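Undergrad: Sequence plus the predicted model coming up.
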Amino acid sequence: MAKTEKQPADKPADGEPSDGKDSGLFSKVNIILACALATAVLAGGYVFFIKRGADTYDPDAAKKDPDIAELMKPGELPDMSIGSADAPNVIVEYASMTCPHCAQYDKVVFPEFKTKYIDTGKARLIFREFPLDGLAARASMLARCAGPDRYFAMIDAMFQSQESWVIEGPEALDRLLQLARQAGFSKEKFDECLADKELFKKIVDERQRAHDKFGVDSTPSFFVNGKRLAGEHQVKDFEALMTGVPKVDTSAAPAAGGTPPAEGSATPQGETPAPAQGGAPAPEGGQPAGTPAQ
């Protein structure tokens with residue numbers, strides 16, 4: 001597993017989805033998540049999830065595979081999927097737009113998997129939002145506002161250019177605006193999207209549902225045909241849980257000097273842990289990325 005990154009910390013300034021026209025002072029919005037019995041607060045532009053005392057979730061407990069019928073139910077937002085509806089294999093992915101491991105998967109592993117299984121009708125991918133911070137939530141909102149036909153193109157564009165817009169300070173939103181303009185957003189549409197409190201709440205609800213019901217606490221997280229995916233998120237790891245895919249016998253260790261990995265094969269992928277409940281430590285060396293101007 002790759003080295004984990006520190007997540008942005010709580011910040012004294014209050015905030016909520018912005019219409020892009022304010023002066024930097026935001027009012028606090030408390031969103032009651034009835035289905036998850038939790039409170040989500042967007043503080044200083046970041047999403048934090050405060051669990052009530054009745055919650056018995058134990059992050060150190062062995063994780064069980066979720067009930068597949070429950071997993072396949074859409075949340076408050078319609079599921080966004082790619083691939084044949086009749087595909088024999090279904091993969092559910094939870095990802096954060098600011099997660100570097102998610103971007104690495106999108107760049108290195110997903111193109112091969114898509115060509116081999118999604119484009120051939122053997123698998124379908126359901127992509128669900130699991131924002132680790134407020135900037136990720138806003139990026140997810142923009143992808144939703146782009147519309148179903150352009151959703152995955154927007155997701156891919158943001159992952160491919162992640163290093164250019166996941167930065168410290170209010171300039172992060174300016175970078176997102178530049179990216180959104182390339183997808184056909186006007187400044188007015190951009191501001192209107194990020195001011196949509198109902199959309200923001202639904203994305204937060206989806207994150208909380210994934211955490212509470214399915215034990216998602218890191219990104220990317222995958223479920224293949226209802227089974228939680230372990231390993232390094234390479235194509236072979238998905239194949240091990242898929243139906244109708246020849247299984248490779250890995251019981252015998254390769255002989256010394258054996259065949260090296262194929263050129264261009266995916267490097268081991270890690271996971272980015274979700275922030276601890278109630279907040280997380282700030283990154284070393286300064287202000288969290290994407291914090292609205294004061």
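TA: Looks like it came in fine. Residues are numbered from 1 along each chain as shown.
Undergrad: list the helices and strands the longest helix along the chain packs on?
TA: Looking across the chain with DSSP state H, the single longest helix is helix 197-214. With contacts defined as 3 or more CB pairs under 8 Å, 6 or more residues apart in numbering; DSSP states H and E, helix 197-214 has these neighbours: strand 30-33, strand 38-43, strand 46-51, strand 123-129, helix 134-145. C-beta: built from backbone N, CA, C; applies to glycine.
Undergrad: for it, which positions count as buried?
TA: Neighbour-count burial for helix 197-214, counted by 16 or more other CB atoms under 10 Å, picks out 199-214.
Undergrad: so which of those residues comes closest to residue 149?
TA: residue 199 (17.6 Å; CB to CB).
Undergrad: And for the closest one, nearest residue in space, chain neighbours not counted?
TA: Among residues not flanking residue 199 along the chain, residue 141 sits closest, at 5.5 Å (CB to CB, 6 or more residues apart in numbering).
Undergrad: now swap in residue 146 and tell me
TA: Once flanking residues are discounted, residue 146 sits nearest to residue 154: 4.4 Å by CB to CB, 6+ apart.
Undergrad: got the contact list for the one you found?
TA: Residue 154 makes contacts with 142-143, 146, 183, as judged by CB atoms under 8 Å, 6 or more residues apart in numbering.
Undergrad: Secondary structure element holding it?
TA: Assigned by DSSP states H and E, residue 154 falls within helix 151-160.
Undergrad: tell me what the helix or strand harbouring residue 179 is packed against?
TA: According to DSSP H and E, residue 179 maps onto helix 171-182. When contacts are defined as 3+ CB pairs under 8 Å, 6+ apart, helix 171-182 sits against helix 134-145, helix 151-160, helix 162-165, helix 187-194.
Undergrad: Report the rounded mean pLDDT for it.
TA: Taken as a whole, helix 171-182 has a mean pLDDT of 96.
Undergrad: Tell me where the model's unsure across the stretch 1-150 of the chain.
TA: Residue ranges of the stretch 1-150 of the chain with pLDDT under 70: 1-61.
Undergrad: at 90 what do you get?
TA: 1-64 (pLDDT under 90).
Undergrad: just to revisit the earlier point, distance check, the residue nearest to residue 146 against residue 193.
TA: Distance of residue 154 to residue 193, given as CB to CB, to the nearest Å: 11 Å.
Undergrad: From the buried residues of helix 197-214, pick the one nearest residue 63.
TA: residue 214 (8.9 Å).
Undergrad: where's that closest one relative to residue 94, distance?
TA: With CB to CB as the criterion, residue 214 and residue 94 are 8 Å apart.
Undergrad: do the same with residue 105
TA: For residue 105, the distance to residue 94 equals 12 Å [CB to CB].
Undergrad: Residue 140 now?
TA: Taking CB to CB, one finds residue 140 at 11 Å from residue 94.
Undergrad: Which neighbours do those two have in common?
TA: What both residue 140 and residue 94 touch, as defined by CB under 8 Å, 6+ apart, is the set residue 129.
Undergrad: what is residue 93 paired to in the beta sheet?
TA: residue 127, residue 222 (DSSP bridges).
Undergrad: Count the residues that sit near the nearest residue to residue 240 once chain neighbours are set aside.
TA: With CB to CB, 6+ apart as the criterion, residue 240 has its nearest non-adjacent residue at 7.0 Å, and that residue is residue 247. For residue 247, the count of nearby residues is 9 (other CB atoms under 10 Å).
Undergrad: is it true that residue 247 lies in a helix?
TA: No: looking at residue 247 with DSSP: H, G, I helix; E, B strand; the rest coil, it is coil, so not inside a helix.
Undergrad: Show me the shaky parts of the stretch 151-294 of the chain.
TA: The stretch 151-294 of the chain contains residues with pLDDT under 90 at 169, 230-232, 244-294.
Undergrad: try 50
TA: 253-269, 277-294 (pLDDT under 50).
Undergrad: re earlier: quickly list what's touching both of residue 154 and residue 193.
TA: Residues touching both residue 154 and residue 193 (CB under 8 Å, 6+ apart) are residue 142.
Undergrad: before we move on, the earlier item: just the angle for the helix holding residue 154 relative to strand 123-129, thanks.
TA: In terms of direction (axes from the mean of the first three to the mean of the last three CA atoms, to 10 degrees), helix 151-160 departs from strand 123-129 by 70 degrees.
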